[in-house]
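test case, fold it:
(one chain, ligands or ions: 1)
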Amino acid sequence: MQIVTTIEELRSIVKWWRGEGHSVGLVPTMGYLHEGHKSLIVKAVSENDRVVVSDFVNPTQFGVNEDLSSYPRDINRDAALCEEAGADVIFHPEPEEMYFSDNCTFVDMDRLTKGLCGKTRPTHFRGVCTVVSKLFNIVTPDRAYFGQKDAQQLAVIRRMVRDMNFGIDIVGCPIVREEDGLAMSSRNTYLNPKERKAALILHKSLSLGEEMIQAGEKDAVKVKNAIVKNMKTEPLARIDYVELVDGETLEPVETIEGPILAATAVYIGKTRLIDNFSYHSVF
Ligand code: PAF
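Next up is the predicted model:
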């Protein structure tokens, strides 16, 4: 496995692979990889002849008061995990390699990005769409792999790929959880032991909502209120949002009929965590 830091070198490797007739999978990440990322890489390896994992903390998707400088980074650890999972190349550029100092071009979307995480992170998805488009242009993969934990991101990227005719197959992969139910996230490392315990409230509260739906509850407001009420039993939790939305439009629903996504973002101390479940498989 190779660690590549320049766009030029990565392009020439992909060109070589294409010349050999190989298919190419891309797993975009911001590094500090965990078992969730590993599951994406393993799936990519099983479906493509060659796999690139991008490992880049993308500055344009962080808001001004967010955790860009403290976001955890460890390329050696990431390289070991990628090697074990069977990736061929890690693309690990510096920000100056990815963005010209006078960069003024962005990819944005006027729907799907306003609600849920977009409400409190208004520039986040512009940054995500921009960097993912750049990665798609650099790697030109056949398939790209994203986790369902970032459900809004997955919906946004699918829509961007459709609207912009990227011709790339977007593969959504299931959430990977710790044994006690906490969804894996690089940001879990911010949690102290007390917060780590408190963070279980996300999955517990969502599971309660999911059980209500499975038992036949059709009133989305009732389900949402039950999730919120349970979330509030945890003193360290501060809710950013709990929403039940249409799986495709991401607009709030009143009645649970077709595929829906129940998504939440909650601050545990200073750490913002997200989690979700889908009903009638949104992904
Ligand atoms: O999900 C992430 O880690 C990031 O948002 C992504 C897709 C790698 C873009 O920077």
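
show me the contacts for the nearest residue in space to R158 that is not next to it in sequence.
Of all residues not flanking R158 in the chain, I170 sits nearest, at 5.1 Å (Cβ to Cβ, 6 or more residues apart in numbering). The way it works is simple: take the backbone N, C-alpha and C, and place the C-beta from them, glycine included. Contacts for I170 (Cβ atoms under 8 Å, 6 or more residues apart in numbering) come out as R143, A144, F146, L154, I157, R158, V161.

where does pLDDT dip in the stretch 151-283 of the chain?
The stretch 151-283 of the chain contains no residues with pLDDT under 70.

give me the residue from it nearest the ligand.
Q153 (5.8 Å; Cβ to the nearest ligand atom).

could you check which helix or strand contains that residue?
Element membership for Q153, per DSSP states H and E: helix 151-163.

that helix packs against which elements?
helix 124-139, strand 143-147, strand 169-173, strand 260-268 (3 or more Cβ pairs under 8 Å, 6 or more residues apart in numbering; DSSP states H and E).

who touches it?
Contacts of helix 151-163 (Cβ under 8 Å, 6+ apart): 107, 109, 111-113, 116-118, 125, 128-129, 132-133, 136, 144, 146-148, 166-168, 170, 172, 247-248, 250, 261, 263, 276, 278, 282-283.

which among the residues you listed count as buried?
107, 109, 112-113, 116-118, 125, 128-129, 132-133, 136, 144, 146-148, 166, 168, 170, 172, 247, 250, 261, 263, 276, 278, 282-283 (16 or more other Cβ atoms under 10 Å).

state the pLDDT value of the residue in the stretch 51-200 of the chain positioned nearest to the ligand.
Going by Cβ to the nearest ligand atom, the ligand is nearest to N58 of the stretch 51-200 of the chain, at 3.9 Å. On pLDDT, N58 comes in at 98.
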